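Student: I would like the atomic coordinates for the input below:
(2 chains)
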Amino acid sequence: MALVYNSTSAFYERSKLDIRSLRSRAEGLQQQVGSGQRLTSSSDDPVAASRLRTLARADRMEKVDTTNANRAAADLTLADAALSSFADFLTRARELAIKAGNDTLTDDQRAAIGYELEQIHGNLVQIANSRDSAGHALFGGETTGDAYTLDSSGNAVYGGTGSSGELSLGDGQTVTRGLTGPQFLEFDIDGTPTDIMATIKGLATALQGTASDPAQAARDALGALNAGIDAVTTGQTLVGTRLAWIDLTTERRANLSELQNTEKADIGGTDIASTVAELQELMVILEASQASFGRLAGLSLFNQLR
Amino acid sequence: MASDLISIARSGVQTARIALDVTAQNIANASTEGYVRRSVQLGEVALAGTRDRVSDMSFSGVRLSAVVRNADAFRQSEVRRTGSDASRAAAELTGLENIETAVEQTGVHQSIVNFEASLEQLAANPIDPSLRAAVVEDARTMARTFNIAATSLDSVGQGLRFEAADGAAQVDLLAKELARVNTSLTRARDGGSDKTVLLDKRDNLLQQLSEYVDVTTTIGGDGQVEVRIGGPTGPQLVSTGTAYGFAMTTATDGTIGFTLDGDPVTPLSGSLAGQAQALTKLADVRARLDTIAASVITTVNAAQANGVALDGTAGQPMFTGTGAGNIAIAFGDGKLIATAPAGAGANSRDPANLDALRTAFTNADATGWMDALLFDVSSSVAGRKITLEALDSIASTARIALSAQAGVDLDQEAVNLVRFQQAFQASGRVMQVASDLFDTLIGIR
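Tutor: Just a heads-up that it's a prediction; the model follows:
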């Protein structure tokens, strides 16, 4: 008996195993290149796969946050525009009040000014009832109806809720998505609660003849009008700050998202260059082992014995 | 003397023929599974001198003393042991991979995230009908993916149990076959070709048996084998001509056990052990999936009960069911989502209850638990893959070692062919010489 006995079937078995393992590794690499994904199932790398799931969840939530942020920004921009109009109308009302406070004016001229102030009041009510991007009252808090309604005597009455809702911007950050009417239309002057719309409405009727001294009434209203302009400007500053806050969080989210995408690509993506190089190396080895298998399998004593 | 020469040559020719037959048989079975290379063992036929005739020579030629099976019992048992380990690991891995596919590919995690995201989106405008409809549809998708995952897990379990039942039946069959071979072995002549065939068959059966269960063998002097399951101290499966009945039992949670002759037995390796392990894991995963689904159901329904729907009526439960298998959405109308707190009127934009629902849902952390479950399953699969690779390479090394020793080397057989052909021709030449001698003696005048 030979000292080293090597059976034919053992030779074939060994060659088969070697070539099969090379082939399956090559196929695995090919799949990675083809799909661009390093992981075909979680078990390829459980830790990375779990991280990828967390990132995918963050990604999904960020999309919603972005939509919400855009919505809040749109609402606040609308509020800003409306506040500008408020400021314009209040400035005009102040001009008119100064003019009406002049004792040289006739009652008819004051009545005309009063009529214009009445129109301004109407415009103010309409602006206060403007709608946000979803069709709800812009200055009505969380009400589903109008922010202001007119009572039987033509006075604007606030019908909204006490505060506007907060919208999530992701990562626990929120933004108040608007202002309610009373937040900038009602304020205290020296401890006296004042409603600017009521003031204008009152002045309008006073100038049209209900007051005994309309010029004095106009001069009295000046303080409230000045405070009203201040309140509206403060409101605009508030809106501007909130818009800036949204910009900030949006920028932060964009940076975060970029980081996450980089991480995603690092963890789950295929490094094409190294994978292709590895594949090439495997192919060379595979070809060499196939060729050497062919040569060895052809070596049979039966071919030599005639 | 001359007639002796002819009979010596005749025995030489006969044994050369037998040796050539054996060589031919080896070549023919070079790739037969479980075939062990035979070789001939020849013995001289000669009488020692008897009393008074001590120096007499009495040669009677050669005889075939045995056909030897070149099988190494140790290597064979190594092949069985390592093969059994590898097939246990392979069966367990296959089961676990199926579990992974069932839980991961159905996208349960993704569907929970989507539901969470649509709730967050609804917060932007709680009375928007399209956002409400989106929540309902995402809830429906989530419930259905839970259902699909549960059904997939159940069918993975069915598949595993089917395979295990088939394996148990095979073990029973193989054990009976082994008992029959044992009986035949008692009647077989030592060294004869029928005995070598029986021994081949015995080893082949043991090899097949080791795919399903671990086998501990004790081989008797006459080649009969005693087989035990569950280690060297385990119960007997086959003893001489008796095979004890092997069967599978199924528990209510879908896990399986085995009995041998009516008593419970735990195979240490083999595919049956692997399938039993995979089924235990499956029962665990299924229970955890049920827990996650149940937590989603109770969290959402509890929050719903605290609020009012868009029409101002009290919130209804959103989900019915108790687990992943039967979770279903209770209503298809988005208006019934209770976003507003109790006491709010119809068409309220107050999102207080929706916020409470979202907070409760985040705190219940269904996505986190689902992620943990997926991580558990996938890391089990990853770990088992490495184990299987190691066990597989050990098993193939053992198999190659055995087949290197016991298999047929065609080059060697080619040499034997030439050698025995020459032996045959030489013995024929001896006959020729004997005939010539006889002619010479006859020709003396």
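
Student: just checking, residue B:231 touches residue B:214?
Tutor: Yes - counting by Cβ atoms under 8 Å, residue B:231 sits close enough to residue B:214 to count as a contact (7.2 Å). Placement of C-beta: from N, CA and C, glycine included.

Student: Overlap in contacts, those two.
Tutor: Common neighbours of residue B:231 and residue B:214 are listed as residue B:268 (criterion: Cβ atoms under 8 Å, 6 or more residues apart in numbering or on different chains).

Student: Between the two, which is the more surrounded one?
Tutor: residue B:214 (24 against 12; other Cβ atoms under 10 Å in any protein chain shown).

Student: doesn't that one fall inside a helix?
Tutor: No - counting by DSSP: H, G, I helix; E, B strand; the rest coil, one finds residue B:214 to be coil, located in no helix.

Student: Could you tell me the phi and psi values at it?
Tutor: Geometry field for residue B:214 lists phi and psi as phi -80, psi 140, criterion degrees, to the nearest 10.

Student: just residue B:107 next, same as before
Tutor: phi 70, psi 40.

Student: Report the contact partners of it.
Tutor: Under the criterion of Cβ under 8 Å, 6+ apart, the neighbours of residue B:107 are residue B:145.

Student: Repeat the analysis, applying 10 Å as the threshold.
Tutor: Residue B:107 makes contacts with B:113, B:114, B:141, B:142, B:145, B:148, B:149, as judged by Cβ atoms under 10 Å, 6 or more residues apart in numbering or on different chains.

Student: got it, and residue A:239?
Tutor: A:75-83, A:176, A:178-179, A:184.

Student: Restricting to those residues, which residues neighbour chain B?
Tutor: Restricting the contacts of residue A:239 to those within reach of chain B (Cβ under 10 Å from any Cβ of the partner chain) leaves residue A:75.

Student: What values do phi and psi take at residue B:308?
Tutor: Torsion angles, degrees, to the nearest 10, at residue B:308: phi -120, psi 150.

Student: Indicate the residue of chain B located nearest to chain A.
Tutor: Using Cβ to the nearest Cβ, the point where chain B gets nearest to chain A is residue B:407, with a distance of 2.9 Å.

Student: Residue B:359 - how many residues pack around it?
Tutor: Counted with other Cβ under 10 Å, the neighbours of residue B:359 add up to 11.

Student: Do I have it right that it meets residue B:365?
Tutor: No - counting by Cβ atoms under 10 Å, no contact exists between residue B:359 and residue B:365, whose distance comes to 11.5 Å.

Student: low-confidence ranges in the chain?
Tutor: Reading this off chain A. Applying pLDDT under 70 to chain A flags residues A:1-5.

Student: switch to chain B, that's the one I care about
Tutor: Across chain B (using pLDDT under 70), the flagged ranges come out as B:1-3, B:48-57, B:190-193.

Student: how about the helices in it?
Tutor: Per DSSP state H, chain B carries helices over the ranges B:2-28, B:73-104, B:108-124, B:129-187, B:193-212, B:271-306, B:352-364, B:366-406, B:410-442.

Student: CSV for these, including distance to residue A:264?
Tutor: Converted to CSV, those look like this (distance: least, Cβ to Cβ, whole Å):
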stretch, distance to residue A:264
helix B:2-28, 60
helix B:73-104, 17
helix B:108-124, 15
helix B:129-187, 23
helix B:193-212, 43
helix B:271-306, 25
helix B:352-364, 23
helix B:366-406, 16
helix B:410-442, 56
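
Student: quick one, which of these is nearest to residue B:325?
Tutor: Using Cβ to Cβ as the measure, helix B:129-187 is the one of those that comes nearest residue B:325, at 4.2 Å.

Student: Spit out the contact partners of the spatially most central residue of chain A.
Tutor: When chain A is reduced to its mean C-alpha position, the closest residue under Cα atoms, centre = their mean turns out to be residue A:69, at 2.1 Å. With contacts defined as Cβ under 10 Å, 6+ apart, the neighbours of residue A:69 are A:62, A:167-170, A:173, A:175, A:245-247, A:249-250, A:253, B:124.

Student: Can you go through these and name the buried ones?
Tutor: The neighbour-count criterion (16 or more other Cβ atoms under 10 Å in any protein chain shown) marks A:62, A:167-170, A:173, A:175, A:245-246, A:249-250, A:253, B:124 among those as buried.

Student: Next step: these restricted to strands.
Tutor: With strands taken from DSSP state E, the overlap with these comprises A:167, A:168, A:169, A:170, A:173, A:175.

Student: If we ignore the residues flanking it in sequence, what's nearest the fifth one?
Tutor: Using Cβ to Cβ, 6 or more residues apart in numbering or on different chains and skipping the chain neighbours, the partner closest in space to residue A:173 is residue A:249 (5.4 Å).

Student: measure the residue of the stretch 201-306 of chain A found nearest chain B to residue B:417 for me?
Tutor: Across the stretch 201-306 of chain A, no residue is closer to chain B than residue A:301, which sits at 3.9 Å (Cβ to the nearest Cβ). Using Cβ to Cβ, to the nearest Å, one gets 9 Å for the distance from residue A:301 to residue B:417.

Student: Could you check which of the two has the larger neighbour count?
Tutor: When residue A:301 and residue B:417 are compared on other Cβ under 10 Å, the one with more neighbours turns out to be residue B:417, at 19 against 15.

Student: ok, that one - contacts?
Tutor: Shown in contact with residue B:417 (Cβ under 10 Å, 6+ apart): A:301, A:302, A:305, B:19, B:20, B:23, B:24, B:26, B:27.

Student: And these, which of them are buried?
Tutor: The neighbour-count test (16+ other Cβ under 10 Å) marks B:19, B:20, B:23, B:26, B:27 as buried among the contacts of residue B:417.

Student: Close to chain A: what parts of the stretch 51-200 of chain B are there?
Tutor: Taking Cβ under 10 Å from any Cβ as the criterion, the stretch 51-200 of chain B approaches chain A at residues B:70, B:93, B:96-97, B:100-101, B:103-105, B:109-110, B:112-114, B:116-128, B:131.

Student: If we use 7 Å, what do you get?
Tutor: Taking Cβ under 7 Å from any Cβ of the partner chain, the part of the stretch 51-200 of chain B that reaches chain A is made up of B:100, B:104, B:109, B:113-114, B:117, B:120-121, B:123-125, B:127-128.

Student: Near residue 47, how many other residues are there?
Tutor: As the question left the chain open, I've gone with chain A. Residues within reach of residue A:47, counting by other Cβ under 10 Å, total 13.

Student: Not quite, go with chain B.
Tutor: Applying the criterion other Cβ under 10 Å, we find 11 residues in the vicinity of residue B:47.

Student: pretty sure it is touching residue B:59, no?
Tutor: No - Residue B:47 is not in contact with residue B:59 according to Cβ atoms under 7 Å; the separation is 8.4 Å.

Student: and the contacts of residue B:107, which two are the farthest apart?
Tutor: With Cβ to Cβ as the measure, no two of these lie farther apart than B:113 and B:148, at 16.5 Å.
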